[in-house]
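Undergrad: Predicted model and sequence below, questions to follow.
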Amino acid sequence: MSQSGLVTLHTLSTLSNHDFIHTVRGLQTEIKRINTENSIFVNFLNANEPALIERMDVTLTKVQEMQSQAQPEPNKTVSGISGAINAPVDAQSAVSKSVMDEKVLKAAKGPRINYSYRTDLLLREQDDIQTNLERFIKKTHLQKNRLIAEIEESGIRNTELVEARNNFETVVVIEGIEEITQKIPAEKFVRYMQEWLKFAQIMLEKLRLRTNSLRTTYNKLKSQLIQKEESGVSVSEVDFVQLDIANKNFLDSIEEKNKNLIELKQINGKASYMLSKHKNFLQKQQITFDKILETILRTNSFYERLDRDYDATSLVIEKQQEKYDDLVKLTSKYTVPDVMEYIKKKAELANLKKNLKVTMRKVNIQMMAMGTYSRTMCQLTGITKVDPSWFESTISTPDSISIIELSKAIPSFIHKESFFKALDSRKMEKDK
């Protein structure tokens, strides 16, 4: 602080309130200016001569010791350069500093820095701040461009996602529903996803080729720039104009190609939509064809079954026709017998039944005897089984029926009708 800025207690007591506030504010601005100078000076020393900061700390400690000797009351001191720079400023501290003894301040005075050196330090500090600001501006510019590119990329992704969602809803959700089941078949979903993945792979290959071409051009330009820097060729304003013209031409060609690409995308979208539509129509026609083919096969099988049934029915009809013809012949030649003759036949039938019962009893008795005789023969001969040659000789029975014939007729006796038929046939043979 300069000596002109110091105020004594006598001067402060004579000031009015308005002048006192004005004086305090002036002191505060002076302190701010000194703090700014100190910060600039400290930054300069940190960059160029860090050893001088230690000397300044020693000087400040000496000043504080002298202040403590001059003032008997203990006051809060500021330690270090950072404390001297960032010390709080208010009216009371300004007044307490203003009432210092001039002798103490004169004894604590160090070497002063002239105005030209201060200006030089200020210009250097300004240059450093300018370089840091330019570096920060470049960094923020790059960050801004990166953020703009990310925003544009996110916008493109959003539009592509919306377009893909709309296409998915139209192709799979709306048109892919079956009319009968009202469900989306898994085959259509899988087919759509496979086509979409193929299209994505094609686009990735195109973008990869584009990035590779841009990388090669960037490497070529970088190598050319390095060669120019090494050869010392100075770039003139004409080169920049030529570069601007070339950039404009490239931008125009890029815009034209982008327009062509958008048109091709639209054409491709329409073609893919028509293709999917025709695929759906073809699939429906294929389903209808399969149904018709299945109906034809089922009808053919039904016709074949009808043919087989017709053949079987014709055979049954032929058999029934033969039976019918036989019955017609029988009915045409059939004559009703006389009543007396029928009564006689009935009486003969009753007598025959009685005789049959008697005969069967005798046959049973003879069979039992034959069983005992056969067992005795087996015991005598030592044979376990009955020999059929033992029964070759016939035994006289009523109506000259052999034992073998009776043994054959015995099982049919269980069914009376068959037995009577056999008996009638036997009697008819005898009558003949």
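TA: Happy to help now that I have it.
Undergrad: Could you pull out the helices in the stretch 201-350 of the chain for me?
TA: Taking DSSP state H, counting those that start in this stretch to define them, one finds helices in the stretch 201-350 of the chain at 237-333, 339-381.
Undergrad: Checking residue 386 next. Helix, strand or coil?
TA: coil (DSSP: H, G, I helix; E, B strand; the rest coil).
Undergrad: wait, I meant residue 180
TA: Residue 180 is classified as coil under three-state DSSP.
Undergrad: Counting neighbours, what do you get for it?
TA: Number of residues near residue 180 (other CB atoms under 10 Å) recorded here: 6. Just so you know, the C-beta spots here come from the backbone N, C-alpha and C atoms, and that holds for glycine as well.
Undergrad: Roughly how far does it sit from residue 358?
TA: To residue 358, residue 180 is 82 Å away according to CB to CB, to the nearest Å.
Undergrad: and what of residue 34?
TA: Distance, residue 34 to residue 358, by CB to CB: 165 Å.
Undergrad: now swap in residue 241 and tell me
TA: Distance of residue 241 to residue 358, computed by CB to CB: 150 Å.
Undergrad: ok, residue 43 touching residue 126?
TA: No - applying CB atoms under 8 Å as the test, residue 43 and residue 126 come out as separate, 11.6 Å apart.
Undergrad: These two - which one has more neighbours?
TA: Counted by other CB under 10 Å, residue 43 and residue 126 do not tie: residue 43 has more neighbours, with 15 against 11.
Undergrad: helix or strand for the more buried one, which one?
TA: Residue 43 belongs to helix 17-48 when assigned by DSSP states H and E.
Undergrad: report the angle between the axes of the helix or strand just after that helix and helix 17-48?
TA: Downstream of helix 17-48, the next assigned helix or strand under DSSP H and E is helix 51-70. Angle, helix 51-70 to helix 17-48, by axes from the mean of the first three to the mean of the last three CA atoms, to 10 degrees: 140 degrees.
Undergrad: Can you pull out the low-pLDDT segments for the stretch 201-350 of the chain?
TA: Scanning the stretch 201-350 of the chain with the threshold set as pLDDT under 70 gives 232-236, 334, 336-337.
Undergrad: one step back: the helix holding residue 43 - contacts with which helices or strands?
TA: When contacts are defined as 3 or more CB pairs under 8 Å, 6 or more residues apart in numbering; DSSP states H and E, helix 17-48 packs onto helix 51-70, helix 80-85, helix 91-98, helix 115-168.
Undergrad: Could you save those as CSV and add columns showing distance to residue 204?
TA: Shown next, in CSV, are these (distance: least, CB to CB, whole Å):
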stretch, distance to residue 204
helix 51-70, 59
helix 80-85, 57
helix 91-98, 69
helix 115-168, 13
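Undergrad: Which of these sits closest to residue 245?
TA: helix 115-168 (22.9 Å; CB to CB).
Undergrad: re the thing from before, I'd like the distance from the helix holding residue 43 to the chain centre, please.
TA: Here helix 17-48 is found 68 Å from its chain centre; the criterion is CA atoms, centre = their mean, to the nearest Å.
Undergrad: tell me which residues in it are buried?
TA: Residues 20, 23-24, 27, 30-31, 38-42, 44-45 are the ones in helix 17-48 that count as buried (16 or more other CB atoms under 10 Å).
Undergrad: any idea how far residue 387 is from residue 371?
TA: Relative to residue 371, and taking CB to CB, residue 387 is found at 14 Å.
Undergrad: With residue 52 instead?
TA: Residue 52 is 152 Å from residue 371, by CB to CB.
Undergrad: Compare those two and say which is more crowded by neighbours.
TA: Counted by other CB under 10 Å, residue 52 and residue 371 do not tie: residue 52 has more neighbours, with 14 against 11.
Undergrad: what sits against the closest residue to the more buried one other than its chain neighbours?
TA: Counting by CB to CB, 6 or more residues apart in numbering, residue 52 lies nearest to residue 45, which is 5.2 Å off, once chain neighbours are set aside. Shown in contact with residue 45 (CB atoms under 8 Å, 6 or more residues apart in numbering): 52, 53, 56.
Undergrad: Turn the helices and strands packed on helix 17-48 into a markdown table, including mean pLDDT and distance to residue 192.
TA: A markdown table is the format used below for those (pLDDT from 0 to 100; distance: least, CB to CB, whole Å):
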| stretch | mean pLDDT | distance to residue 192 |
| --- | --- | --- |
| helix 51-70 | 76 | 73 |
| helix 80-85 | 42 | 69 |
| helix 91-98 | 42 | 79 |
| helix 115-168 | 86 | 7 |
